[in-house]
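Asks: fold the following.
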Amino acid sequence: QVQLFESGGGLVQAGDSLRLSCAASGRTFNSVTMGWFRQAPGKEREFVVAINWSGDRTYYADSVKGRFTISRDNAKKTAYLQMDSLKSEDTAVYYCARHYLGSYYLTTSYTGWGQGTQVTVSS
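Replies: Next up is the predicted model:
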């Protein structure tokens, strides 16, 4: 079983950068695809990006492509989300989760959600 803990959120201005971390406990982190999702107030949770177990395949939502970069360090059991050129519409609670079945782009394909970390971008 993998437990996940997100950190790194905060309040920034438009155009700034943030790096989120997703630290995992448990033995299976190194063999699973990890995903980042976000949920803005009044909206459904949406896919942001995913990375396969070895880190050589990534999957991005169009809204963040070219601005966000996902990576992972299996030795540290941590996944990262580097967010550059932040926009006000990136404001949301960001969650990481472990993929277990189905499409990488669907929330229902993931389990073991962390508690989330708030990212607020002021314009």
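
Asks: give me the residues contacting stretch 99-117.
Replies: Residues outside stretch 99-117 that contact it (CB atoms under 8 Å, 6 or more residues apart in numbering): 1-9, 20, 22, 32-35, 37, 39, 45-47, 50, 59, 61, 93-98. Backbone N, C-alpha and C define where each C-beta goes, glycine included.

Asks: make it 7 Å
Replies: 2-9, 20, 22, 32-35, 37, 45, 47, 50, 59, 93-98 (CB atoms under 7 Å, 6 or more residues apart in numbering).

Asks: in the protein, where is pLDDT below threshold?
Replies: Applying pLDDT under 70 to the chain flags no residue at all.

Asks: ok, residue 34 touching residue 95?
Replies: No. Using CB atoms under 7 Å, residue 34 makes no contact with residue 95, being 11.1 Å away.

Asks: go ahead and flag the most central residue of the protein.
Replies: residue 36 (2.3 Å; CA atoms, centre = their mean).

Asks: who's in contact with the helix or strand containing that residue?
Replies: Take DSSP states H and E as the rule and residue 36 turns out to sit in strand 34-39. By CB under 7 Å, 6+ apart, the surrounding residues in contact with strand 34-39 are 22, 45-51, 70, 72, 79, 81, 92-99, 104, 107, 110.

Asks: next SSE after that strand?
Replies: Counting by DSSP H and E, the next helix or strand C-terminal to strand 34-39 is strand 46-51.

Asks: out of the contacts of stretch 99-117, which are inside strands?
Replies: 3-7, 20, 22, 34-35, 37, 47, 50, 59, 93-98 (DSSP state E).
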